[in-house]
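*Asks:* Quick one: sequence and predicted model below, then my questions.
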Number of protein chains: 2
Amino acid sequence: MQVFYAPDIDRERYVLDPKESRHIVRVLRMKNGDNVRLIDGKGNLYEGVIEDADQNGCAIKIEKINPNFEKRGYNLHIAISPLKNPERLEWFVEKAVEIGINSITPLKCDRTEKSGIKRERISNIIISAMKQSIKSQLTELSDQICFGEFITKSRPGIKLIAHCDSSFERKGINEAYIKGENATIVIGPEGDFSREEITLALEHGYTSIHLGTSRLRTETAGIAACHSIYLLNQ
Amino acid sequence: MQVFYAPDIDRERYVLDPKESRHIVRVLRMKNGDNVRLIDGKGNLYEGVIEDADQNGCAIKIEKINPNFEKRGYNLHIAISPLKNPERLEWFVEKAVEIGINSITPLKCDRTEKSGIKRERISNIIISAMKQSIKSQLTELSDQICFGEFITKSRPGIKLIAHCDSSFERKGINEAYIKGENATIVIGPEGDFSREEITLALEHGYTSIHLGTSRLRTETAGIAACHSIYLLNQ
């Protein structure tokens, strides 16, 4: 069944915005009486029926609310450097939202070549992936911030820095993470974190991890980290 | 250090093909005496030194052979339906090679919308991802075959079919897979496998699995399956 995004839902009747309305009426050709599901990005899933299939404002009658529809049992925050090719970060975002992630922060590291992200485009990818994978909790997207600023701020749960510098002792993510715990994981740019960045992270309570023997691209490392936390919670 | 692909290496001196030679000499501006690493796609990694930085045929003197460089401890074969957007299958291939996979077979399922794959393009992605992630074993790419033909053929190890049809009993991949075992995993198209396909797979010794509570896109399911097998072997 189709899922639509209704961020400001608060009553028994909801009118979708023009974009979602056109999609539902023109593209999907749905009609009065058809069943739909709505997600509010706050953890709730609503079941409803189309009452007025108007392409400028499609009205839905809500029949059932499933509160706290999405229960992951952990909070995951990944901070990651954007890449020269913006598609690679976008791809990470889409996959991480599908698998399950609470927050994404783009980082500016010593070796980050790309400054700035296409915020609106990434926000749309988040919403689209949330609908596709039937997540009811909207992934939070922060503004890009400097590595030092991110790393020195207090964070709840287990804090991990994934890197390839074997002159530091590194654990496997399965050794460093404990099931059920919240996690913050930082992932570096092409060319990895600098030694100074890794040292700063260790001084602020981060544990060095690797994501296997392979040299993974940044976006692959992000997905591997996100999926590791998912699987270690099963 | 840079890694180059030398599929037919068999002696102490190796001349790279014109494409790799141009890359090493023109793009990377490497010179006589520079150290390089070569992989043969058969599991070996060679360390050598540039002896003649000729852009038409760069000669490398081999100084050390690391046989069986890549030891994964399991063989993984994923058979997956191509998608309408060919980029999505290509993304899966790149990421799966980075994480570690032995064979990829494109499938033609009941609901596969796309017939045919860009074989040469995907082969190049495999080689490029193998070099990027320093894998010494080349991932085998088969021709696209029909689901029925694939599923009825005998396969070594544990055989899994990942799908979203909850009318069948499904295990988590962590319950169905045993560490150290070889695995064959089939991943369906947008719109999932048909009931008939799932039934046929079960009749041929496949176990039904899910990859979590999320509704994953095909290429995400492929990566999640590949990464699950990696992590369950740690």
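*Replies:* Now that the structure is in, tell me what you want to look at. Numbers count the residues shown, from 1 in each chain, chains lettered A, B, ... in the order given.

*Asks:* Show me where chain A has its helices.
*Replies:* A:18-22, A:86-99, A:119-132, A:147-152, A:173-176, A:195-203, A:218-232 (DSSP state H).

*Asks:* Packed most tightly, which of these would that be?
*Replies:* helix A:218-232 (a mean of 25; mean count of other CB atoms under 10 Å in any protein chain shown). The way it works is simple: take the backbone N, C-alpha and C, and place the C-beta from them, glycine included.

*Asks:* Show me what from chain A comes close to chain B.
*Replies:* Chain A has residues A:91, A:95, A:98-100, A:132-135, A:172, A:174, A:212, A:214-217, A:220, A:223-224, A:227-228, A:230-232, A:234 near chain B, with proximity defined as CB under 8 Å from any CB of the partner chain.

*Asks:* related to what we said a few turns ago, mind putting the helices of chain A into a markdown table with mean pLDDT?
*Replies:* Compiled in a markdown table, the helices of chain A are given as follows (pLDDT from 0 to 100):
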| stretch | mean pLDDT |
| --- | --- |
| helix A:18-22 | 91 |
| helix A:86-99 | 96 |
| helix A:119-132 | 95 |
| helix A:147-152 | 97 |
| helix A:173-176 | 96 |
| helix A:195-203 | 98 |
| helix A:218-232 | 97 |
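
*Asks:* any chance of the ones you listed in JSON lines, with distance to residue B:150 too?
*Replies:* Output for these, formatted as JSON lines (distance: least, CB to CB, whole Å):
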{"stretch": "helix A:18-22", "distance to residue B:150": "39"}
{"stretch": "helix A:86-99", "distance to residue B:150": "26"}
{"stretch": "helix A:119-132", "distance to residue B:150": "27"}
{"stretch": "helix A:147-152", "distance to residue B:150": "46"}
{"stretch": "helix A:173-176", "distance to residue B:150": "32"}
{"stretch": "helix A:195-203", "distance to residue B:150": "45"}
{"stretch": "helix A:218-232", "distance to residue B:150": "25"}
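
*Asks:* Quick one: closest of these to residue A:58.
*Replies:* helix A:18-22 (4.0 Å; CB to CB).

*Asks:* now what about that closest one, what contacts it?
*Replies:* Helix A:18-22 is contacted from outside by A:4, A:5, A:15, A:54, A:55, A:56, A:57, A:58, using CB atoms under 8 Å, 6 or more residues apart in numbering or on different chains.

*Asks:* Now do the contacts for the third one.
*Replies:* Think residue A:15. Taking CB under 8 Å, 6+ apart as the test, what residue A:15 contacts is A:21, A:57, A:58, A:59, A:60.

*Asks:* Can you give the domain ranges for chain A?
*Replies:* A:3-66, A:76-232 (automatic domain parsing).

*Asks:* what's the spacing between the shortest one and its chain's center?
*Replies:* The one in question is domain A:3-66. Mean C-alpha position of domain A:3-66 versus that of the full chain (CA atoms, centre = their mean, to the nearest Å) differs by 23 Å.

*Asks:* how close does residue A:99 get to residue A:52?
*Replies:* 36 Å (CB to CB, to the nearest Å).

*Asks:* An error on my part: the question was meant for residue A:233.
*Replies:* Taking CB to CB, one finds residue A:233 at 42 Å from residue A:52.

*Asks:* who has more neighbours, the two?
*Replies:* Between residue A:233 and residue A:52, counted using other CB atoms under 10 Å in any protein chain shown, residue A:233 has the larger neighbour count: 17 against 14.

*Asks:* The more buried one touches residue A:180, doesn't it?
*Replies:* Yes - using CB atoms under 8 Å, residue A:233 is in contact with residue A:180, at 6.8 Å.

*Asks:* any common contacting residues for the two?
*Replies:* Common neighbours of residue A:233 and residue A:180 (CB under 8 Å, 6+ apart) are A:73, A:74.

*Asks:* Poorly predicted segments of chain A, please.
*Replies:* For chain A, applying pLDDT under 70 flags the ranges A:1.

*Asks:* In contact with the residue nearest to residue A:146 when sequence neighbours are not counted, which residues?
*Replies:* Excluding its sequence neighbours, the residue lying closest to residue A:146 (CB to CB, 6 or more residues apart in numbering or on different chains) is residue A:108, at 4.9 Å. Applying CB under 8 Å, 6+ apart, we find residue A:108 in contact with A:81, A:115, A:144, A:145, A:146, A:147.

*Asks:* which among the contacts of residue A:15 end up buried?
*Replies:* The neighbour-count criterion (16 or more other CB atoms under 10 Å in any protein chain shown) marks A:21, A:58, A:59, A:60 among the contacts of residue A:15 as buried.

*Asks:* Can you tell me which of these lies closest to chain B?
*Replies:* residue A:60 (20.7 Å; CB to the nearest CB).

*Asks:* partners of the closest one in the sheet?
*Replies:* Assessed by DSSP bridges, residue A:60 has beta-bridge partners residue A:14, residue A:50.

*Asks:* Would you check how far apart it and residue A:143 are?
*Replies:* In terms of CB to CB, residue A:60 sits 33 Å off from residue A:143.

*Asks:* Residue A:58 too?
*Replies:* Distance from residue A:58 to residue A:143, by CB to CB: 33 Å.

*Asks:* And for residue A:224?
*Replies:* 25 Å.

*Asks:* and if you look at residue A:90?
*Replies:* 16 Å.

*Asks:* do residue A:115 as well
*Replies:* 12 Å.

*Asks:* hmm, back to that, from the contacts of helix A:18-22, which ones fall inside strands?
*Replies:* A:4, A:5, A:15 (DSSP state E).

*Asks:* For the second one, give me its contacts.
*Replies:* The neighbourhood of residue A:5, defined by CB under 8 Å, 6+ apart, consists of A:20, A:38, A:39, A:40, A:41, A:127, A:130, A:131.

*Asks:* Is the third one in contact with residue A:47, as I believe?
*Replies:* No - using CB under 8 Å, residue A:39 is not in contact with residue A:47, being 10.9 Å away.

*Asks:* more crowded one of the two?
*Replies:* residue A:39 (26 against 15).

*Asks:* With adjacent residues omitted, what lies nearest to that one?
*Replies:* residue A:136 (4.5 Å).

*Asks:* wait, that neighbour sits on residue A:38?
*Replies:* No - using CB under 8 Å, residue A:136 is not in contact with residue A:38; the gap is 9.3 Å.

*Asks:* what's the overlap in contacts for those two?
*Replies:* residue A:45.
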